[in-house]
Each structure stands twice: as structure tokens, then as C-alpha cells.
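A.B. asks: build me a model from this:
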Amino acid sequence: MFACIPPPYGGLCVYVKRLSLALTQKGYVSGAFYHDSIVGIPSEYNHLYDLMPKHARSFYVLFELFRLLPIFKRYKIVHSHLNLGTCLSMWMVRNLLSKPIVLTIHNQMIDRELHDLNFIDRKCLESLFRDEFVQVITVNDNGKKFLKSKGFIFANDIKVLPAYIAPVEIGKTADYLSEELIRFIDTHPRFIVFYAESFAYYGEKEIYGTRECLIAFSHLTKEFSDLALVFCMPNVNNDEALLQLKEIVKENGCSDKVYWQLSGIPEMWPLLKHSALYLRPTSTDGDSVLLREALGLGVPSLASDVVSRPATCELYHYGNQEDMESKMKIMLHGNKKTVSSNKDFFNEMFSIYKELLEKH
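C.D. replies: Have a look, this model is predicted:
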């Protein structure tokens with residue numbers, strides 16, 4: 001897997017970890033990269049994980065080539081989950097090692113990534129798309145439609161495959177959540193979960209909808225006096241932007257009802273399974289691991305309508321704060337779990353690997 005396992009904690013990293021371990025448990029040799037340390041991987045598999053190169057994009061990968069090629073040589077397939085800026089790396093793996101390649105494009109910022117490619121990178125990408133031993137995957141229909149609209153020639157039709165593998169619920173809540181957070185949810189048993197990996201922007205829009213979430217929560221506490229919020233943002237410093245967010249709930253007199261989870265949680269299911277609502281008001285999206293996890297646990301979930309969402313997810317019109325708050329009220333008044341819609345997409349991913357190997 002040409003991608004990182006957590007930390008840092010985010011949907012893509014969690015998916016890569018689960019996919020790699022699922023392959024290993026089926027008897028295949030599968031590894032990935034890590035940034036600073038190996039966390040959440042059984043020690044007997046640690047030798048399969050390697051330090052992520054600092055220079056993996058564009059021409060900078062040439063400085064890492066002699067270290068990377070022996071790593072990629074171990075595996076029958078190389079699966080990249082990183083952005084299109086790493087296409088030169090994958091082109092070299094394909095042509096120097098003759099390995100089948102899987103390219104999964106996780107986010108909705110493909111237009112910006114394409115715009116930022118230099119001439120050589122773009123030619124490498126076009127070559128990969130035309131190669132019969134390269135399979136391109138997008139995590140939703142929007143990504144596929146966008147790529148096909150750009151005039152590229154694809155040897156294989158783009159596959160749409162959500163990036164989700166269900167968690168294995170092992171252990172107790174205390175194995176994953178801090179004592180402080182457990183005390184908070186014990187004393188605030190009715191709470192919303194919100195997750196933003198960091199302060200991230202697409203153009204001028206903040207991607208995760210942090211302000212929209214806090215404004216909505218502040219308004220809803222007027223009607224739901226027992227409501228609390230666990231605000232998760234693992235990759236952020238206590239800077240001015242965070243202070244501005246905290247000011248929103250302070251001005252509305254509900255600071256004591258918000259728990260600021262500013263470090264990573266290895267697995268989110270112990271938190272989600274106790275929550276009353278999961279909220280995802282993003283301005284753009286790929287496929288959300290956390291949204292699928294919440295739905296799989298039967299947690300009522302509300303998301304923006306910027307991309308297609310799983311069937312049991314409630315939608316509101318992005319940019320319409322009133323619509324979002326109205327839907328939240330209805331769901332909170334319902335105050336019950338929904339039918340689980342948990343689909344594990346590992347078998348579909350495994351089938352793609354098999355198809356590539358059979359024709360290679």
C-alpha cells in the first residue's frame with residue numbers, strides 16, 4: 001500500500017490499515033508505510049511496514065528511488081492511495097518492476113490535483129491510465145464522471161468502490177478512549193459526534209464545516225438541554241482558528257457541553273456506538289469511513305448533499321444552515337438507533353486484485 005497507516009488519524013489511514021491487515025489475515029503478504037511510528041499493527045507484522053518517504057511526489061521521488069524500489073519489489077501488486085502528484089512514482093514501479101498498479105483516488109479535489117501536475121507528471125498519468133495492468137478506482141460516482149470528462153483514455157473502465165472495511169470490535173471502551181472523554185460521555189449521555197481531520201480548505205471553503213457544526217449545536221442546545229458535542233479534530237494546534245471556534249460556543253453559553261478531542265482516537269466505534277447523532281457537513285467529500293462506520297452501528301447520521309451518500313444517511317442541502325438544523329432536530333426527537341447499513345467492501349477490493357493478477 002503506497003499510503004500511510006495512522007497516525008495521523010483520518011479515514012484514508014484507517015482504511016489502509018484495515019485493508020492491509022485483512023489481506024495479511026487471508027494469508028497474503030501486505031504492508032504499507034508509516035510516518036513516525038507503527039501504531040495499531042500486531043508486532044509480528046511490523047517488518048512489513050516502512051518509513052514513508054519525505055519526497056514521494058514528482059521529481060523528488062528520484063531521491064528515494066533506491067530505497068523504494070526494493071520495498072515495492074516484495075509485492076505482487078502496488079496499490080497507491082495518495083494523490084495524483086505521486087504518478088511518477090507509480091509509473092516507475094510499473095515500468096521498472098513490471099508490477100500491476102491500483103490507483104485509488106479518495107478525494108474530490110481531482111481538478112486541483114490535475115491542474116498542479118507538471119508536463120512529465122501528466123504524461124506519466126496518461127501512460128498509467130492507458131496501461132491494461134493499471135486499475136483506477138474512485139470512491140464515488142462524481143470522481144469517475146470527472147475523470148472521464150477530461151478526455152483521458154482508460155485501458156480499463158474506472159471502478160467505483162467505497163473505501164470502507166468494517167472494524168473488528170475487540171476490547172472495551174477504555175482501551176480506545178481517554179478517561180477524561182469517558183467521564184464526559186458518562187455525564188453527557190446524549191451527544192453528537194463531529195469529526196474534522198484538520199483545518200482544510202478547498203478554494204475559499206472550509207471543507208469539514210467546523211463553524212456550521214458549532215453554530216448548529218449552539219442553537220440546538222436551546223431546545224435540547226441535555227445535548228452535548230464531542231468535537232474531534234486530531235491534527236490541529238491550539239492556534240487562533242481553534243480559539244475562534246471555541247468562542248462560538250462560549251458566546252452561546254454552552255462551552256461546558258463541548259468536549260474538544262484534539263488528539264487521535266485509534267478506533268472510533270467505541271465513541272460512535274454511544275452517540276445520538278453523527279454530523280458530516282462537508283463542502284466536498286470522497287467517501288467517508290466514519291460516516292459508514294456510524295451507519296453500520298445504527299447511529300442516525302446527517303451529511304451534506306455534495307456527493308452521493310449511503311442509502312440510510314439523511315441529507316441536507318449544503319449551505320442551508322436552517323435545513324441542516326431542522327433535520328438535526330427531527331433526528332434528535334426520534335432519539336433511536338436506525339437499521340444498520342454496514343457493508344464491508346473488502347471482497348470487492350480483493351476481486352480487483354485477483355483480476356489484475358490473473359491477466360498479468
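
A.B. asks: got the contact list for stretch 347-355?
C.D. replies: The contact list for stretch 347-355, computed with Cβ atoms under 8 Å, 6 or more residues apart in numbering, reads Leu19, Leu23, Lys26, Ile77, His79, Val102, Gln135, Ile137, Lys159, Leu161. All C-beta atoms are positioned from the backbone trio N, CA, C, and that covers glycine.

A.B. asks: count of residues packed around Pro70?
C.D. replies: 10 (other Cβ atoms under 10 Å).

A.B. asks: looking at this, it is in a helix?
C.D. replies: Yes - under DSSP: H, G, I helix; E, B strand; the rest coil, Pro70 sits within a helix.

A.B. asks: now do the same contact list for it.
C.D. replies: Listed by Cβ under 8 Å, 6+ apart, the contact set of Pro70 is empty.

A.B. asks: quick one on the thing from earlier: closest one of the contacts of stretch 347-355 to Glu197?
C.D. replies: Nearest to Glu197 among the contacts of stretch 347-355 is Leu19, at 18.7 Å by Cβ to Cβ.

A.B. asks: for the closest one, give me its contacts.
C.D. replies: By Cβ under 8 Å, 6+ apart, the contact set of Leu19 is Met1, Ser30, Ile165, Phe346, Met349.

A.B. asks: so what's the last one scoring on pLDDT?
C.D. replies: The confidence metric pLDDT takes the value 96 at Met349.

A.B. asks: now it: which helix or strand?
C.D. replies: Counting by DSSP states H and E, the element that carries Met349 is helix 346-359.

A.B. asks: in that helix, what counts as buried?
C.D. replies: Buried residues in helix 346-359, defined by neighbour count with 16 or more other Cβ atoms under 10 Å: Met349, Ile352, Tyr353, Leu356.

A.B. asks: that older thread, among the contacts of stretch 347-355, which are located in strands?
C.D. replies: In this view, the contacts of stretch 347-355 that belong to strands under DSSP state E are His79, Val102, Gln135, Ile137, Lys159.

A.B. asks: nearest residue to Cys254 in space, please, no chain neighbours.
C.D. replies: Among residues not flanking Cys254 along the chain, Thr221 sits closest, at 4.7 Å (Cβ to Cβ, 6 or more residues apart in numbering).

A.B. asks: scratch that, Val193 is what I was asking about
C.D. replies: Ser275 (4.5 Å).

A.B. asks: ok, Ala166 next?
C.D. replies: Asp344 (4.4 Å).

A.B. asks: that neighbour: neighbour count?
C.D. replies: Residues lying near Asp344 (other Cβ under 10 Å) number 15.

A.B. asks: returning to what we had before: where's the dip in pLDDT among the contacts of stretch 347-355?
C.D. replies: In terms of pLDDT, Lys26 ranks lowest among the contacts of stretch 347-355, with 90.

A.B. asks: and that one, backbone torsions?
C.D. replies: Main-chain dihedrals, Lys26, degrees, to the nearest 10: phi -90, psi 0.

A.B. asks: chain neighbours aside, what residue packs nearest to it?
C.D. replies: Ranked by Cβ to Cβ, 6+ apart and with sequence neighbours excluded, the top spatial neighbour of Lys26 is Phe350, at 7.6 Å.

A.B. asks: how much space separates that neighbour from Val16?
C.D. replies: 15 Å (Cβ to Cβ, to the nearest Å).

A.B. asks: could I get the full set of strands for the stretch 151-300 of the chain?
C.D. replies: Per DSSP state E, counting those that start in this stretch, the stretch 151-300 of the chain carries strands over the ranges 159-160, 190-195, 201-202, 205-206, 227-232, 258-261, 277-280.

A.B. asks: include distance to Leu114 and mean neighbour count when you put the ones you listed into CSV, please.
C.D. replies: Listed next are the strands of the stretch 151-300 of the chain as CSV, based on distance: least, Cβ to Cβ, whole Å; neighbours: other Cβ atoms under 10 Å:
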stretch, distance to Leu114, mean neighbour count
strand 159-160, 19, 16
strand 190-195, 28, 24
strand 201-202, 14, 12
strand 205-206, 19, 15
strand 227-232, 31, 22
strand 258-261, 35, 20
strand 277-280, 26, 25
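
A.B. asks: and the ones you listed, which one's lowest on average pLDDT?
C.D. replies: strand 201-202 has the lowest average pLDDT among the strands of the stretch 151-300 of the chain, namely a mean of 86.

A.B. asks: low-scoring stretches of this structure, by residue?
C.D. replies: By pLDDT under 70, the low-scoring segments of the chain are 238, 339-342.

A.B. asks: which of the strands of the stretch 151-300 of the chain sits closest to Phe146?
C.D. replies: strand 159-160 (12.0 Å).

A.B. asks: now do the helices in the chain.
C.D. replies: For the chain, the helices defined by DSSP state H occupy 11-25, 65-73, 87-97, 110-116, 119-129, 141-148, 179-187, 210-220, 240-251, 269-272, 289-296, 321-334, 346-359.

A.B. asks: in the second one, what's buried?
C.D. replies: In this case it means helix 65-73. Buried residues in helix 65-73 (16+ other Cβ under 10 Å): Leu68, Ile71, Phe72.

A.B. asks: burial check on Phe129, number of neighbours?
C.D. replies: Phe129: 19 neighbours (other Cβ under 10 Å).

A.B. asks: residues in contact with it?
C.D. replies: Val136, Phe152, Ile153, Phe154, Ala155.
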